[in-house]
Structure formats: C-alpha cells, structure tokens
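Trainee: no sequence on hand, only this structure:
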C-alpha cells in the first residue's frame, strides 16, 4: 500500500478537529503516522487550515497519495497547482521563473477571494446580530407596553372601586341623616300642633267667661247689694280658670307621651337600615378587593410564564 496524506480525527463529539498527517495506508485512521504536516478546523468560517507547504509538496513529488478531502485542501492551498507547474518545468514547457510568476499571481487572486469571503462572512454575522437585537428590542417594547396597559387597567379599577365606595358612604350618610332628621321634624311639628291645640283650648273658656263678666257688670249697675253677693262668684270663676287650664294641659301631656311612644319603635328600624347599608357597603368593598387581587395574581402568573419562556 502506498503512503497516504490524510486526516487524523481529534476533538470531541460534535466538535471535530483534524491533524494532517503522512501515514501508511494500512495503518488505522487514528493510529501511528509518519509525519504531521498541519491542522484543519472545519468549525470556523472560513475553515482554518495550517499546512507546511514545502513538506506537503515534497510528499506529493515522492508519490504520496492524498485522500479526497486532502486533495481538496491541497488544491485550496495551491500545493497541487505548484506540483503541476514543477512537472511542466521538468518537461521543458516553461522555465522555473515563469512557473514561480504564475504561482504568485494565482496566490494573490486566491488571497483576495479569501479576504472577500471573510469580509462577507463578517458582514453577514453583523447583520444577523443586528436583526436579533432589533427583534429583542421589539419584543421587550411590546412586553413593556402590555405590562403598562395592565397596570393602568388595575389602577383604573382600583380608582373606580374607591370612588364607588366613597359614593356609597356618602349616600349611606345622607340617608341616615335624612332618617334622623325626619323623626326630629315630625316631633317638632307634633309639638307645635300640641301647643296650638292647648292655646285654642285655653282661649275657649276665656271667651266664654267674657260675656259672664259683662252680665255681672250690668247686674251691679242695676242693684248694688246683689253685686256684693255675687262677687264670690267672680272669684270662683277665677279659681275655675287654672282648673280649666290644668284640664287642657292634661291632654297635651298625654299627646306628647303618645308621640314619644310612636317615636320609640322608629329608632330600631333606622338602626336596622343603617346596619344593612353598612353590611352591603362592606360586601361591595370586599368583592372589589378580591377582584383586584385576582387581577394582580393573573399578571404575576403571566409575567412568570413569559420569563420562563
């Protein structure tokens, strides 16, 4: 078997790295070799090839046979082309100087192509990085907008809850004040009515006594002795006046007592209404607080899911 120019695998799984060696064709791939003349790393763009040009040319001239992959690498580096030019010099097709000039021109063109490819690869990498950054910025902006909108909605809901609670409190206070003022006004009106009735009753006996007094005056004018006899009657009438007034005052007191008794059952009813309204307000506030807490929990869960993604 002839001598081979081939690759010897190194590195780890999924990340190969090769040595360019001269080995016997009967030796295993990763076994004993005669000479190592370079390295080959295919994971880099463009591929990184380090080759001892003179030793590779020497082994080609001696008769070493490259494998298919090594033939491509030697062609890429110009070893095959240089060997071809030297064979032409031996045959007399051209001189050694002409061969060297042709090889130098070819090498310059090759280097320019390699540089262009490298620059294109760098530009592609930069463009891809820019696209990724733009996409990330867009995603972050959308997430920030979503979070801001959700926070605004939560704040708005909380404000609405507070406004509703304040309105409910104001309404409850107003109704309670109206209920408290209503019995007071009723009691005042009843008291005024009772006073008017008492005054009317007190005026009636006074009017009845007035004609009696006039009659007495006439009787005095007609007969003086009779007047003396009737004087105690006037005193009795005067004594009767406080009795009448006392009688008039008794129904007034009875009406006031009845009004107080009528008012008494209204107080527990007003208290029950107050308690019911307070309980309804507390229930509404609790429901609003639970809704706000659930909204916050949902926001946290969505944020956690997005972070996990």
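Mentor: Thanks, I have it. Since the model is a prediction, treat every value here as computed from it, not as a measurement.

Trainee: on the three-state scheme, the closest residue to residue 67 other than its chain neighbours is what?
Mentor: The spatially closest residue to residue 67, leaving aside those adjacent along the chain, is residue 6, at 4.6 Å (Cβ to Cβ, 6 or more residues apart in numbering). Yep, even glycine has a C-beta here, placed from its N, CA and C like the rest. With DSSP: H, G, I helix; E, B strand; the rest coil as the basis, residue 6 sits in strand.

Trainee: OK, contacts around residue 6?
Mentor: Counting by Cβ atoms under 8 Å, 6 or more residues apart in numbering, residue 6 touches 20-21, 23, 29, 66-67, 69-70.

Trainee: would you map the helices across the chain?
Mentor: In the chain, the helices defined using DSSP state H lie at 53-62, 68-77, 79-91, 96-222, 224-308.

Trainee: so what does the longest one touch, helix or strand wise?
Mentor: So the one you mean is helix 96-222. helix 79-91, helix 224-308 (3 or more Cβ pairs under 8 Å, 6 or more residues apart in numbering; DSSP states H and E).

Trainee: and the ones you listed, which one averages the lowest pLDDT?
Mentor: Mean pLDDT per stretch puts helix 224-308 lowest among the helices and strands packed on helix 96-222, at a mean of 62.

Trainee: which phi and psi does residue 45 have?
Mentor: Phi and psi for residue 45, reported as degrees, to the nearest 10, are phi -120, psi 120.

Trainee: okay, it: pLDDT?
Mentor: pLDDT, residue 45: 77.

Trainee: give me the nearest residue to it, chain neighbours excluded.
Mentor: Going by Cβ to Cβ, 6+ apart, residue 45 has residue 121 as its nearest residue, at 5.0 Å.

Trainee: any idea how far residue 307 is from residue 142?
Mentor: According to Cβ to Cβ, to the nearest Å, residue 142 and residue 307 sit 15 Å apart.

Trainee: same thing with residue 88?
Mentor: 68 Å.

Trainee: and for residue 31?
Mentor: 52 Å.

Trainee: which one's more surrounded, those two?
Mentor: With neighbours defined as other Cβ atoms under 10 Å, residue 31 and residue 307 compare such that residue 31 has more, 11 against 8.

Trainee: for residue 82, give me its contacts.
Mentor: Taking Cβ under 8 Å, 6+ apart as the test, what residue 82 contacts is 53, 57, 103.

Trainee: among those, name the buried ones.
Mentor: For the contacts of residue 82, a burial check counting by 16 or more other Cβ atoms under 10 Å picks out 57, 103.

Trainee: residue 196: which of the contacts of residue 82 is nearest?
Mentor: residue 53 (133.9 Å; Cβ to Cβ).
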